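>>> mind looking at a prediction? Sequence and model below.
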Amino acid sequence: MRVEISGLFGVTYTGGPTRGVPTAEVTRQPDDPALPRMPPHIHPVRPYWSDFDIDGLPLFDACKEFLDKAGDLTKVARDVADRVHGTHTLTPPPS
């Protein structure tokens, strides 16, 4: 899984499960000493759902595909169970 977030100042942060991204970025001081010093401002780094991907696919699409395939597998399993067991359902175990 990977996340790529564009910060407020044009910096791109890339992270993943073992590599975090900063939660905030701080305004820089001007390089020109003739300019007045300003107090730093903190801006949160805000990821959006579209910033995440897994194995090169957008995370949302990958999750939807996984859930669709899981639903298909469940349907196949029910069809197999119906063919094997028919109307004979399992009885509860003895107490």
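Okay, I see it.
>>> contacts and neighbour counts: CA atoms only from here.
Will do.
>>> residues contacting Asp32?
If you count contacts by Cα atoms under 8 Å, 6 or more residues apart in numbering, Asp32 has none.
>>> and it, that one's in a helix?
No - counting by DSSP: H, G, I helix; E, B strand; the rest coil, Asp32 is not found in a helix; it is coil.
>>> can you give me phi and psi for it?
Phi and psi for Asp32, reported as degrees, to the nearest 10, are phi -80, psi 110.
>>> which parts of this protein are helices?
Here the chain has its helices, by DSSP state H, at 59-85.
>>> break it down into its domains, please.
In terms of domains, the chain is parsed into 1-54, 60-85 (source: automatic domain parsing).
>>> what about the shortest one, average pLDDT?
Confidence over domain 60-85 (mean pLDDT, whole number) is 94.
>>> do the same with stretch 45-55
91.
>>> quick thing: my sequence starts at 56, can you match it?
Taking 56 as the first residue, the last one we looked at is stretch 100-110.
>>> got a list of contacts for that stretch?
Here stretch 100-110 makes contact (Cα under 8 Å, 6+ apart) with 56-60, 62-63, 77-80, 113-115, 117.
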